[in-house]
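1. kindly generate the corresponding structure for this input.
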Amino acid sequence: MTTTASIRPGDLADERVIRLLTDHLADMFATSPAESVHALDVSGLSAPGVAFWTIADSDELVGCVALKELDPEHGELKSMRTDAAARGRGLGALLLEHVLGEAARRGYRRVSLETGSQEFFRPARRLYERYGFRECGPFAEYVLDPNSVFMTLELPVTDSSREAHPTG
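-> Predicted coordinates:
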């Protein structure tokens, strides 16, 4: 695992971010039918309720992730990407840990995601499973799709989330 990586709010105007997102979308369209691609582009990542971060190793931008608020207790993991040349170094785990920490800080009780069912997405699904995500049915605006796998993780209720959501 890398030890020099840093995660910061992402600049959606940064050319390196645009390249990461372009590569991400290209992979999604290369592996899934267009109607089954749910990745966000720059405009989607700029929408209200979406937080976006990048990860850099030294000065090299090597990944990104987003968290979309679905409701005050439910977030969706979006646009998680590690540059192909940087895979296998634990950067995806760092991004996922960052998002889960942010979700807990916000008082979310659940984080869900949609990923592909194809072999290309198997490493991502394994990572999510290692962190406790389990398959579930479609959530939010999603519908059943043989090209999609839906996963969710129930977050532990903490003192800070009880204060943010006193009815729980």
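
2. contacts, neighbours, all on C-alpha from now
-> Fine.

3. what is the mean pLDDT for the top strand by length along the chain?
-> If you go by DSSP state E, the chain has its longest strand at strand 60-71. Averaged over strand 60-71, pLDDT sits at 95.

4. can you show me the helices along the protein?
-> Taking DSSP state H as the criterion, the chain contains helices spanning 15-31, 42-45, 91-106, 122-130, 159-164.

5. Pro156: what's it in contact with?
-> Applying C-alpha atoms under 8 Å, 6 or more residues apart in numbering to Pro156 gives the contacts Arg109.

6. in terms of pLDDT, where does it sit?
-> 89.

7. lowest average confidence, helix or strand, in this protein?
-> helix 159-164 (a mean of 51; mean pLDDT, DSSP states H and E).

8. the longest strand of the chain versus helix 91-106: what angle between them?
-> 30 degrees (axes from the mean of the first three to the mean of the last three C-alpha atoms, to 10 degrees).

9. what sits up against strand 60-71?
-> 10, 16-17, 20, 45, 49-56, 75-83, 86, 91-92, 95-96, 99, 103, 140.

10. ok, and for stretch 144-156, which residues are buried?
-> Asn147, Ser148, Val149, Phe150, Met151, Thr152, Leu153, Leu155 (16 or more other C-alpha atoms under 10 Å).

11. okay, it in CSV with CA atoms only?
-> This file holds the C-alpha atoms of stretch 144-156, laid out as CSV (Å, rounded to 0.1, in the frame of the first residue of the first chain):
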residue,chain,number,x,y,z
LEU,A,144,-33.2,-4.0,-12.3
ASP,A,145,-30.5,-4.4,-15.0
PRO,A,146,-28.5,-7.6,-15.8
ASN,A,147,-25.5,-5.3,-16.4
SER,A,148,-25.7,-3.8,-12.9
VAL,A,149,-24.9,-5.0,-9.4
PHE,A,150,-26.3,-3.0,-6.6
MET,A,151,-24.6,-3.0,-3.2
THR,A,152,-25.2,-1.3,0.1
LEU,A,153,-23.5,-0.9,3.5
GLU,A,154,-25.3,-0.1,6.7
LEU,A,155,-23.2,2.3,8.7
PRO,A,156,-23.0,2.0,12.5
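
12. before we move on, back to that, now render the buried residues of stretch 144-156 as TSV, adding distance to Val65.
-> Listed next are these as TSV, based on distance: C-alpha to C-alpha, whole Å:
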residue	distance to Val65
Asn147	21
Ser148	19
Val149	18
Phe150	17
Met151	16
Thr152	16
Leu153	17
Leu155	19
